[in-house]
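Visitor: My questions concern the predicted model and sequence given below.
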Amino acid sequence: MRYIPLPVILSLVLFTACTAAIMPTSVPTQPLPTRTPVPTPLSTPMPTPTPEWGIAFAALMLSPEEVSAPQCPTRLYMIRPDESDLTQLTEDIEYLAGLRASPDGKHLLFVAKREDTLGDHDADYFDLSHLYILDIQSGEILTLTSGTTSDEWLATWSPDGRKIAFVSSEVNTPCSPCPPCYEEGCTPMVTEYHTHLYVMNGDGTGKRKLTPREGRIQAVSWSPKGEWIAFEQFGAIWAIRPDGSEWHKVADAPIEYWPPYHSRPFTAQLAWSPDGSKIAFAAPGVNGNADIFIANPDGYGLFNVTHHPAEDFQPTWSPDGKSIAFVSKREGNWAIYVQQVEGDGIQEAFYSPTVHAVHPAWSPNGLQVAFTAGPDLWKMHLFVLDLSRGRARQLSDMLVIESPVWISMPSR
């Protein structure tokens, strides 16, 4: 065997190792196919469009001089706050009142005399009031209550829009037993009222009595979280559970006269704060005149917000819960004011020496207030106030006799 020196052997080993580190062990004759992964597209949810808010209102279809029992034809309209897209929603409806928008702004709840409950082949002032819902998009009207044994008013939505709280009176049949009334010469009149607060489903089914005692009710409002229904009865503000299981007095509010008034007592005089922690209402204050008070739902924390010798009514909360708009006669005519809930800040939102202004209604974004204004309460028109500019504009020449409400406008 031939002898190979050790240094030579070590040199060969090092050469082989370095060569192996540099050269691949095998060289393919063509590039290996590569696969570029295709990313799975993520499903991007479409953004929910911001509702475009408009104003719905009840327009009187006669001149004030022509209005008298038994006729008061009214139509529902809607309009954008820039005065565009004035749209008629209904034909003539007798004695329409108590307009309320659903929480999503797509339906209108109202009281009207659409049914001939006297048997004289006409629906007018002497007939009973019942509840109805208008679908703004389709124009269809759903009848919630009917018949000759009950009279309904002061309806309000639950915060989820599935139920309705309302006032109903069991009554004796008007003018019985002498219909048709006008031919027989008798006066059509209901002589028995047994009034309670009720709750029913949004389709008119499941009517249930809540209040344990009967008596006139002048205001109803459902709390934003659905836990309580506030109402005025026996000169006090009360809170009751929607199932009637618990009720208690919130505060005394003995005001029999509820100005600014007209022929029907459908003007809301109490309102919940947006978070449901407070109730605003009118009650005797300075010199016995009405002031705006707030209180917790349990009755604690009673506080006089406006504290002024003039009469203050119709409180309504701003969407952020920091302010309350209300109506006051501080300078001679009814005017719209905005009061900070915490602090002394107050703004004269709208005042005119020639017209009265009532029925303030905040826009959902809190930037505008719709209201009605005119020389008297039967000659009012629809206005909208831009709070940032302090400017008000008239939206329509039609006479408006009810509080306007903000709605979600249908797509153009």
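Guide: All right, it came through fine.

Visitor: now the helices for the chain?
Guide: 6-22, 181-184 (DSSP state H).

Visitor: Need the mean per-residue confidence for the shortest one.
Guide: Along helix 181-184, the predicted local confidence has a mean pLDDT of 49.

Visitor: The helices of the chain: lowest mean pLDDT?
Guide: Among the helices of the chain, helix 6-22 has the lowest mean pLDDT, at a mean of 39.

Visitor: For the residue nearest to the spatial centre of the chain, give the beta-bridge partners.
Guide: What sits nearest the mean C-alpha location of the chain, by CA atoms, centre = their mean, is residue 101, with 4.8 Å. Beta-bridge partners of residue 101, counted by DSSP bridges, are residue 108.

Visitor: just residue 164 next, same as before
Guide: The partner residues for residue 164, given DSSP bridges, come to residue 157, residue 200.

Visitor: Neighbours of it, how many?
Guide: 26 (other CB atoms under 10 Å). Using the backbone N, CA and C atoms, a C-beta is placed for each residue, glycine as well.

Visitor: what about it, distance to residue 286?
Guide: Applying CB to CB, to the nearest Å, the value for residue 164 to residue 286 is 36 Å.

Visitor: residues touching residue 342, list them.
Guide: Listed by CB atoms under 8 Å, 6 or more residues apart in numbering, the contact set of residue 342 reads residue 322.

Visitor: The chain should start at 19 in everything you say after this.
Guide: In the new count, where the first residue is 19, that last one comes out as residue 360.

Visitor: next one: phi and psi at it?
Guide: Here is the backbone geometry of residue 360 (degrees, to the nearest 10): phi -110, psi 110.

Visitor: Return the distance of it relative to residue 335.
Guide: Distance from residue 360 to residue 335, by CB to CB: 13 Å.

Visitor: Distance from the chain centre to stretch 264-276, please.
Guide: Centre-to-centre, stretch 264-276 and its host chain are 22 Å apart (CA atoms, centre = their mean, to the nearest Å).

Visitor: Please identify the buried residues of that stretch?
Guide: Within stretch 264-276, the residues scored as buried using 16 or more other CB atoms under 10 Å are 265, 268-269, 271, 273, 276.

Visitor: So among these, where is pLDDT lowest?
Guide: pLDDT is lowest at residue 276 among those; the value there is 56.

Visitor: What residue, apart from its backbone neighbours, is nearest residue 244 spatially?
Guide: Excluding the flanking residues, the one nearest residue 244 by CB to CB, 6 or more residues apart in numbering is residue 177, at 4.9 Å.

Visitor: so residue 377 makes contact with residue 390?
Guide: Yes: the pair residue 377 and residue 390 qualifies as a contact (CB atoms under 8 Å) at a distance of 4.9 Å.

Visitor: Sketch out the low-pLDDT regions of this protein for me.
Guide: Applying pLDDT under 70 to the chain flags the ranges 19-68, 85-88, 191-207, 274-286, 430.

Visitor: hmm, 50 instead?
Guide: 19-60, 66, 195-200, 279-284 (pLDDT under 50).

Visitor: if I look at residue 380, how far off is residue 321?
Guide: Counting by CB to CB, the separation of residue 380 from residue 321 is 21 Å.

Visitor: which of the two has more neighbours?
Guide: Shown here are residue 380 and residue 321; by other CB under 10 Å, residue 380 has more neighbours (22 against 13).

Visitor: Identify the residues contacting that one.
Guide: 334-337, 343, 386-387, 424.

Visitor: Tell me the one of those residues nearest residue 157?
Guide: Comparing the contacts of residue 380 against residue 157 with CB to CB places residue 424 closest, at 19.0 Å.

Visitor: Spatially nearest residue to the closest one (excluding sequence neighbours)?
Guide: In space, residue 424 is closest to residue 71, 5.2 Å off (CB to CB, 6+ apart).

Visitor: Could you verify my assumption that the one you found touches residue 385?
Guide: No: using CB under 8 Å as the test, residue 71 is too far from residue 385 to be in contact (10.0 Å).

Visitor: what bridges to residue 354?
Guide: Assessed by DSSP bridges, residue 354 has beta-bridge partners residue 345, residue 368.

Visitor: Would you state the strands of the stretch 19-168 of the chain in chain order?
Guide: Counting by DSSP state E, counting those that start in this stretch, the stretch 19-168 of the chain has strands at residues 71-78, 91-97, 105-106, 111-112, 115-119, 125-130, 148-153, 159-161, 168-175.

Visitor: typo on my end, the stretch 219-368 of the chain
Guide: Under DSSP E, counting those that start in this stretch, the stretch 219-368 of the chain gives strands at 226-227, 235-240, 247-251, 254-258, 265-270, 288-290, 297-302, 308-313, 321-322, 330-335, 341-346, 353-358, 364-368.

Visitor: what's in contact with the second one?
Guide: By CB under 8 Å, 6+ apart, the surrounding residues in contact with strand 235-240 are 172-177, 183-185, 213-215, 229, 246-251, 260, 276, 283, 286-290, 297, 299.

Visitor: cool, the fourth one as well?
Guide: Applying CB under 8 Å, 6+ apart, the set of residues contacting strand 254-258 from outside is 215, 228-229, 246-250, 264-272, 288, 297, 299, 301, 313, 315-316.

Visitor: Quick one: neighbours of the nearest residue to residue 80 once chain neighbours are set aside, just the number.
Guide: Spatial nearest neighbour of residue 80, chain neighbours left out: residue 91 (6.3 Å); criterion: CB to CB, 6+ apart. Other residues near residue 91 come to 17 when the count uses other CB under 10 Å.

Visitor: Kindly report the same for residue 92.
Guide: Neighbour tally, residue 92, other CB under 10 Å: 25.

Visitor: next one: residue 139
Guide: Going by other CB under 10 Å, the residues that sit close to residue 139 add up to 7.

Visitor: quick one on the thing from earlier: dump the strands of the stretch 219-368 of the chain into a markdown table; add distance to residue 150 as well.
Guide: A markdown table is the format used below for the strands of the stretch 219-368 of the chain (distance: least, CB to CB, whole Å):
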| stretch | distance to residue 150 |
| --- | --- |
| strand 226-227 | 20 |
| strand 235-240 | 17 |
| strand 247-251 | 21 |
| strand 254-258 | 25 |
| strand 265-270 | 28 |
| strand 288-290 | 23 |
| strand 297-302 | 27 |
| strand 308-313 | 31 |
| strand 321-322 | 38 |
| strand 330-335 | 24 |
| strand 341-346 | 27 |
| strand 353-358 | 29 |
| strand 364-368 | 31 |
